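>>> Provided below are the primary sequence and the corresponding predicted coordinates.
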There are 2 protein chains.
Amino acid sequence: MTDGSKSNKVNMKTLAKVLNVSIATISKALRDSHDIGDDTKQRVIETARLLHYVPNPYASSLRKRSSNTIAIVIPEIADSFFSQAINGIETIVDLEKYHALIYLTHDSYEREKQMFNDLTSGRVDGILMSVASNTEDISHIQDLQQAGVPIVFFDRVCEDIPTAKIKTDDFNSAYMATSHLLDQGCKNISLVTIEGYPSILQAREEGYKKALAERDIEANDANSISCSNKYTNENIEVLKEHIQKVKPDGIIATVEHLATTTYLACEELKLNIPNDIKVVCFTNQITASILNPSLTTILQPAYEMGRKAAELLFGHLTGKPIQLEKENIILPSKLIVRNSTRIPD
Amino acid sequence: MTDGSKSNKVNMKTLAKVLNVSIATISKALRDSHDIGDDTKQRVIETARLLHYVPNPYASSLRKRSSNTIAIVIPEIADSFFSQAINGIETIVDLEKYHALIYLTHDSYEREKQMFNDLTSGRVDGILMSVASNTEDISHIQDLQQAGVPIVFFDRVCEDIPTAKIKTDDFNSAYMATSHLLDQGCKNISLVTIEGYPSILQAREEGYKKALAERDIEANDANSISCSNKYTNENIEVLKEHIQKVKPDGIIATVEHLATTTYLACEELKLNIPNDIKVVCFTNQITASILNPSLTTILQPAYEMGRKAAELLFGHLTGKPIQLEKENIILPSKLIVRNSTRIPD
DNA sequence: TTTATTTGCTTAAACGTTTACCTAAATTCG
DNA sequence: CGAATTTAGGTAAACGTTTAAGCAAATAAA
């Protein structure tokens, strides 16, 4: 509503008029078609530059039936894993001169479904996604695939959809984390998860159980505690109650924000980490090393996962002989040992 | 899947044929035009639902010359401020049934310029942005505005562009942070900034200087130290060198990732926080409270800033009587005092 | 009753590209 | 030298919507 700006739109018609050629010539010249002579091409390109011609993406998308756009569908963004993954994705999107729409499901199946319905419109050429933790019915994903939109999953994958999946070794890293705690002398390790329970958490739980089983420790249901996936003070209470009841000497926090929750709960209970209780968390936060005490973490290759997912999708989109349904890539996470699991002197 | 359909694109033409009416009738019925009778409308809507009709956004955008899409242009995403701001933005984008393209400048003027050039194409109806720290020439932004694309700045604003700006009180919060350090007994406070120096850091420096001046302390150039804006180990060395040379007893870290850098530098120098040196950082990281020691922070209202920026943009887009150039909103940051600035017993 | 208005729908022209199909001149080839 | 081919473009029909303009029938006004 600002001004009466002229908004002198220059389009192919303008260029055609100026150069006294047909619109087709303009289009072909700009796309470097063999149909057009070199000198004409040069004149077209030069004039386009001079008049600041920028092609209309919507006209182009409509006609070509492809959008040069992908969707990134993730549960949340205020999370170091996802924001680092987006960084990796963006590297490739930028390289391929594509555009990325971002959608947050807030871990809600309903929202995810609604978004997917919209995406059947041809708005995007492909999708990179981490599924919502409470998604059970996957027909919306199947429908989209049927509609011909390629999907690549990363981190929170949907096993039942035949397409590329980029995961980290959740089972193994939880196994490593648990074994590490056992090595450090823990006898009673609790696993803190979140409600909704995405499949990756299931893998983490299994890794945890395997490590216990290996040392002939029976996994006790009471040792599994589930918090809200919102970062909230209520979780502190839930966790405190759990700790008081079960009295664990080790805790594995399976999602990022539970690190803060765990530390604060221990502080309020006057439990010393690592003397009274040892803690490992799945998190990519750079502050892990300067926490009080520094936090032993499972560091996920977030950037690389995002990047790899994007590479696969674009490989497929640009017609490289990539069979998405054959790709199932597992990038390793690392256990970074710090003071929160140290054995007291 | 559900209705055994192949990827049979159903468009208005399909619906028109099925219902034996014209395409115009379909279009108008779906947009609830007064031209169409109620029973016809019902039949159209019902059939559209049955056949899973989803409108083609590109055809619609082309014809309407508007895209229902905005761009979010930010320097980086692996930063709690920006990811929380996106959360706020997304709330409104979702509410308005819009779509959001995300672009990362990586704090590079060149990239920013290139992105803006593309955005003159009509790809988006508006832009929410935080400018790159090394952007000096603003002609790309002016050009876009001339082209009629509304822009709303948040956090890293561009003062010379007449449009809405959502800021936090950088001057005042740096003043508060500095005064707090002085109150806690600091005599020699260093300000850690980053190269490129966006205008908000300038405001922070001025707030810092004012607090010093108020107590008759002369701001010494040697107390300003500039790091790379990448989170890198080199910064630790730069900072260590600075600390050894200037021997500050207080540090204000003006961007998020410098908190970790500062803590690690102090640790390597065997300096105790807060006994030997006190630290305040501008950061929204939720781990601040569990750092070693817990970190006194300036907490910015990131979510609210993103949300407010989006509200203003959409207010303008939906024709509400909002004059963007008149909006200059300042949301307050909070000083959260923790142990990193505690006076030793 | 005639005339004006409203209702409900159709026709067709945009929006800006891309591309299959022509065409006329220039070049190559046998 | 005539025929075939290549070169360098032009024509026009898409792509799927939206919307101005039109139009017949029904309704209201006079």
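Received, thanks.

>>> Can you list the buried residues in stretch A:128-138?
The neighbour-count criterion (16 or more other Cβ atoms under 10 Å in any protein chain shown) identifies A:128-135, A:138 as the buried residues of stretch A:128-138. Every C-beta, even on glycine, is put in place using the N, C-alpha and C of the backbone.

>>> Spell out the secondary structure type for the nearest residue to A:Pro55 once chain neighbours are set aside.
In this structure, A:Pro55 finds its nearest non-sequential neighbour in B:Ser121, 6.4 Å apart by Cβ to Cβ, 6 or more residues apart in numbering or on different chains. Following DSSP: H, G, I helix; E, B strand; the rest coil, B:Ser121 is assigned to coil.

>>> Quick check: the residue lying closest to A:Ser27 once chain neighbours are set aside vs DNA strand D, distance?
Closest residue to A:Ser27 apart from its sequence neighbours, by Cβ to Cβ, 6+ apart: A:Met12 at 6.0 Å. According to Cβ to the nearest atom of the strand, to the nearest Å, A:Met12 and DNA strand D sit 10 Å apart.

>>> and A:Met12, what is it in contact with?
By Cβ atoms under 8 Å, 6 or more residues apart in numbering or on different chains, the contact set of A:Met12 is A:23, A:26-27, A:53, A:55.

>>> And A:Ile243, by the same measure?
A:Ile243 sits in contact with A:190, A:251, A:265-266, A:269, A:271, A:277, where contact means Cβ under 8 Å, 6+ apart.

>>> which residues in the stretch 1-150 of chain A form helices?
A:12-19, A:23-30, A:38-50, A:57-64, A:80-95, A:109-119, A:139-146 (DSSP state H, counting those that start in this stretch).

>>> picking up where we left off before, closest one to A:Asp221 out of the buried residues of stretch A:128-138, please.
A:Asp221 lies nearest to A:Ser133 out of those, by Cβ to Cβ, at 20.1 Å.

>>> ok, that closest one - contacts?
Contacts for A:Ser133 (Cβ under 8 Å, 6+ apart) come out as A:75, A:107, A:156, A:194-198, A:201, A:229.

>>> try it again with 7 Å
Contacts here follow Cβ atoms under 7 Å, 6 or more residues apart in numbering or on different chains; on that basis A:Ser133 touches A:75, A:107, A:196-198, A:229.

>>> picking that back up, check the helices of the stretch 1-150 of chain A for me and report the most buried one.
For those, the largest average neighbour count (mean count of other Cβ atoms under 10 Å in any protein chain shown) is found in helix A:80-95, namely a mean of 23.

>>> and that one, anywhere near chain B?
Yes - if you take Cβ under 7 Å from any Cβ of the partner chain as the test, helix A:80-95 does meet chain B, through A:80, A:83-84, A:86-87, A:90.

>>> need the residues of chain A near DNA strand D, please.
Residues of chain A lying close to DNA strand D by Cβ under 7 Å from any atom of the strand are A:21-25, A:34-40, A:59, A:62-63, A:65.

>>> picking that back up, kindly reformat the residues of helix A:80-95 next to chain B as JSON lines and extend each row with pLDDT.
Listed next are those as JSON lines, based on pLDDT from 0 to 100:
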{"residue": "A:Ser80", "pLDDT": "95"}
{"residue": "A:Ser83", "pLDDT": "97"}
{"residue": "A:Gln84", "pLDDT": "97"}
{"residue": "A:Ile86", "pLDDT": "98"}
{"residue": "A:Asn87", "pLDDT": "97"}
{"residue": "A:Glu90", "pLDDT": "98"}
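
>>> In the stretch 1-150 of chain A, where is pLDDT below threshold?
A:1-7 (pLDDT under 70).

>>> any idea how far the most centrally placed residue in chain A lies from DNA strand C?
The centroid of chain A falls nearest to A:Phe82 when counting by Cα atoms, centre = their mean (4.6 Å). For A:Phe82, the distance to DNA strand C equals 33 Å [Cβ to the nearest atom of the strand].

>>> That residue against A:Ile74, yeah?
Yes - assessed by Cβ atoms under 7 Å, A:Phe82 is found in contact with A:Ile74 at 5.1 Å.

>>> Could you check which residue of the stretch 151-300 of chain A lies nearest DNA strand C?
The stretch 151-300 of chain A approaches DNA strand C most closely through A:Ile151 (24.2 Å), counting by Cβ to the nearest atom of the strand.

>>> In contact with that residue, which residues?
A:Ile151 sits next to A:127, A:129, A:141, A:144-145, A:161, A:163 when contact means Cβ under 7 Å, 6+ apart.

>>> Looking at the residues you listed, spot the one nearest DNA strand D.
Closest to DNA strand D, out of all of these and judged by Cβ to the nearest atom of the strand, is A:Leu144, at 16.7 Å.

>>> Flag every buried residue along stretch A:60-79.
Neighbour-count burial for stretch A:60-79 [16+ other Cβ under 10 Å]: A:60-62, A:67-79.

>>> On the three-state scheme, A:Ile217 is what?
Of the three states, A:Ile217 takes coil under three-state DSSP.

>>> Can you get me a residue count around it?
Neighbours of A:Ile217 under the rule other Cβ atoms under 10 Å in any protein chain shown: 17.

>>> got it, and A:Asp276?
15.

>>> With the one 4 residues further on instead?
Using other Cβ under 10 Å, A:Val280 has 32 other residues around it.

>>> Is any residue of the helix or strand where it lies near chain B?
Taking DSSP states H and E as the criterion, A:Val280 maps to strand A:278-282. No - against chain B, strand A:278-282 shows no contacts by Cβ under 7 Å from any Cβ, the least distance being 10.3 Å.

>>> which residues touch that strand?
With contacts defined as Cβ under 7 Å, 6+ apart, strand A:278-282 is touched by A:177, A:180-181, A:184, A:186, A:249-256, A:258-259, A:262, A:273, A:295-298, A:300, A:340-341.

>>> Quick check: the residue of the stretch 151-300 of chain A closest to DNA strand C vs A:Lys165, distance?
The gap separating A:Ile151 from A:Lys165 is 10 Å, by Cβ to Cβ, to the nearest Å.

>>> Could you do A:Glu90 as well?
Using Cβ to Cβ, we find A:Glu90 at a distance of 20 Å from A:Lys165.

>>> where does chain A come near DNA strand C, residue by residue?
So far as Cβ under 7 Å from any atom of the strand goes, chain A lies against DNA strand C at A:9, A:11-13, A:23-24, A:26-28, A:30-31, A:35, A:53, A:55-56, A:59-60, A:62-64.
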